[in-house]
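Q: what shape does this take:
(one chain, ligands or ions: 1)
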Amino acid sequence: MRRGARSIVWVAFKSRRFKGRRIWISTTRPRKPSFALRRALFSKPIASPKSAEAERLSRKLSPKDYLAAAKDYQRKKAEAGFAGITWAKEQGGRALPPIYAVIFNSEEAKFDAPAHPFSIGLGMCVPTVIAFSDEATKDRYVAKALRGDEIWCQLFSEPGAGSDVAASKTKAVKDGGDWIINGQKVWTTGAHFSDFGILLVRTNPDVEKHKGLTMFIVDMKAPGVEVRQIHQASGGRDFNEVYFTDVRIPDQNRLGEPGMGWNVALVTLMNERLAVGGSYGPDYKEIFEFAKGIAAPSGEGALIKDEAFRQKLADWIVRAEGYKLAKFRTMTALSRGQTPGPESSIGKVINANQMMDIANTAIEAQDLYGIIDDPAYAALEGAFHQSYMFAPGLRIAGGTDEILKNIIAERVLGLPQEPRADKGVAFKDLPSGR
Ligand SMILES: Cc1cc2nc3c(=O)[nH]c(=O)nc-3n(C[C@H](O)[C@H](O)[C@H](O)COP(=O)(O)OP(=O)(O)OC[C@H]3O[C@@H](n4cnc5c(N)ncnc54)[C@H](O)[C@@H]3O)c2cc1C
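A: Residues are numbered from 1 along each chain as shown. As a prediction, this is how the structure comes out:
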């Protein structure tokens, strides 16, 4: 059954013990049948699809039911003490060092846990709220987010402000105790099911672009907020355009001082780059297994014996292992209570490109079968196709390849900075600021 189709709702959870505590984990995991079995499926009539249990939860449930399962999972996770591991105890967390969260996250990633709808809110937005708001604001929002009762989204990108997010044009004008917002955001993940968002807007066009921004908490259900879903090539509808027409935000929803929005955004962006640095999709081990059961392009023997393929495989292994060691450095920094530096940008560049290359190779290797993406018939339940469609987005989200390479060049390798023609110029005087 394809994503979005209705199906019988079942989510299996089993309890496990972790550091003496009980945690509920989804046991709904994809099976990975051998490629020989997949081949056998091809020769059978279309009417014998694989059992629903083998599909990923996100594909098996309708978006509405997946969201309900995700909220249920998040509530159980919070009750078991595994949400907000690093957050202060008064925020419902456990005040443990970040390395504990890294360990929990890498364990959770082995399960088909429906955690995705909360990753932006709890990974980026709510930590920003905690860092920049007063006690009353934290009391209002944090516990509800942690329990999964309210979902958050990040409203930064605009049609003319993506990599250069400081060029945001959505504006806020003070009106008594409120601010009035007009403008448009784009690519807002999960805005269609979010309750709140953190919103970066221009409050002063008369100063340099980084200095005239302010951050707010916005109620996504407020009058004047219009969310339009974007239909993706993959068939999904994860992103949105969000329009603001005379939306009123009370001043108490401001995060940080007026004009300090860039500093607030940097806290969110730092969390974002760490969050999207992980690995996704089939890795070199999976294509290694896959290559044993499929013919080489020459028709002589299995793909795994093909020299060109073996060279690619060796390259993937070297990169993946190199990245693993770089990640250990980040984990060591976290375990010592240090903040990981710009070198953590390396992970996303390597992973996203490797994911795309592996998926592309696997699809090409299947020749005409490669076009079949139905999880019931495709190799690895269509995981290579999912990767192929998802990887380009991953190469953009949280900083494009080029932007991250600039960061690595300037801040890790110490190379000269990019020329900045907008330095010292008021936003309204920039060609893009009009
Ligand atoms: C999966 C996904 C999820 C997202 N979720 C969100 C979200 O929840 N909230 C949100 O606010 N945004 C979100 N975004 C938007 C994302 O942050 C932007 O797409 C990203 O910052 C790039 O901006 P852009 O698309 O405007 O591209 P542009 O910035 O216009 O870039 C176009 C091209 O120019 C290159 N380029 C730009 N500047 C430079 C430079 N200085 N040097 C060299 N090359 C350069 C880029 O690398 C790119 O190839 C998401 C995007 C994706 C793909």
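
Q: average pLDDT across stretch 314-323?
A: When pLDDT is averaged over stretch 314-323, the result is 93.

Q: around the ligand, pick out the residues from the protein.
A: Applying the criterion Cβ under 6 Å from any ligand atom, the portion of the chain that neighbours the ligand consists of 120, 153-157, 162-163, 187-189, 393, 396-397, 400, 402-403, 406, 418. Placement of C-beta: from N, CA and C, glycine included.

Q: pairing partners for the residue nearest to S194 when sequence neighbours are not counted in the sheet, please.
A: Leaving out its chain neighbours, the residue that sits closest to S194 by Cβ to Cβ, 6 or more residues apart in numbering is C153, at 3.9 Å. Per DSSP bridges, residues listed as beta-bridge partners of C153: G197.

Q: was I right about C153 contacting W187?
A: No: when contacts are counted by Cβ atoms under 8 Å, C153 is not listed as touching W187 (10.5 Å).

Q: my read: H116 touches A70, true?
A: Yes: under the criterion of Cβ under 8 Å, H116 makes contact with A70 at 6.9 Å.

Q: have a look at these two and say which one is more surrounded.
A: Regarding H116 and A70, a neighbour count based on other Cβ atoms under 10 Å identifies A70 as having more, with 24 against 15.

Q: how close does the more buried one sit to E158?
A: As judged by Cβ to Cβ, to the nearest Å, A70 and E158 stand 28 Å apart.

Q: check F290 too.
A: The spacing between F290 and E158, counted by Cβ to Cβ, is 41 Å.

Q: with D367 instead?
A: For D367, the distance to E158 under the criterion Cβ to Cβ works out to 42 Å.

Q: same question for G84.
A: From G84 over to E158 (counting by Cβ to Cβ), the distance is 30 Å.

Q: more crowded one of these two?
A: Neighbour totals were compared for G84 and E158, and G84 leads with 26 against 22 (other Cβ under 10 Å).

Q: neighbours of the nearest residue to the more buried one once chain neighbours are set aside, how many?
A: Spatially, and ignoring its direct neighbours in sequence, G84 is nearest to G93 (3.7 Å; Cβ to Cβ, 6+ apart). Close neighbours of G93, defined as other Cβ under 10 Å, add up to 19.

Q: would you map the helices across the stretch 251-400 of the chain?
A: Per DSSP state H, counting those that start in this stretch, the stretch 251-400 of the chain has helices spanning 261-275, 284-292, 307-335, 345-365, 383-394. These are given in chain order.

Q: any weak-confidence spans in the stretch 301-434 of the chain?
A: When residues are selected by pLDDT under 70, those of the stretch 301-434 of the chain lie in 434.

Q: V207 touches K428, doesn't it?
A: No: in this structure, V207 sits apart from K428 without contact. The criterion is Cβ under 8 Å, and the distance is 9.2 Å.

Q: now do the contacts for E364.
A: Applying Cβ atoms under 8 Å, 6 or more residues apart in numbering, we find E364 in contact with G370.

Q: from P375, how far off is it?
A: Applying Cβ to Cβ, the value for E364 to P375 is 20 Å.

Q: also Q229?
A: Separation of Q229 from P375 (Cβ to Cβ): 23 Å.

Q: so for these two, which sits in the more crowded spot?
A: Under the neighbour definition other Cβ under 10 Å, Q229 and P375 were set side by side, and P375 has more, 23 against 13.

Q: now do the strand ranked longest in the chain: which elements does it pack against?
A: With DSSP state E setting the assignment, residue counts place strand 239-250 as the longest strand in the chain. Packing contacts for strand 239-250, counted by 3 or more Cβ pairs under 8 Å, 6 or more residues apart in numbering; DSSP states H and E, involve strand 178-186, strand 213-219, strand 225-230.

Q: return the most buried member of those strands.
A: When you average the neighbours per residue for each of the helices and strands packed on strand 239-250 (mean count of other Cβ atoms under 10 Å), strand 213-219 leads with a mean of 24.

Q: pairing partners for that one, with directions?
A: As defined by DSSP bridges, the strand partners of strand 213-219 come to strand 196-202 (antiparallel), strand 254-255 (antiparallel).

Q: centre of the chain versus the shortest one, how much separation?
A: If you compare the mean C-alpha spot of strand 254-255 with that of the full chain, they lie 24 Å apart, counting by Cα atoms, centre = their mean, to the nearest Å.
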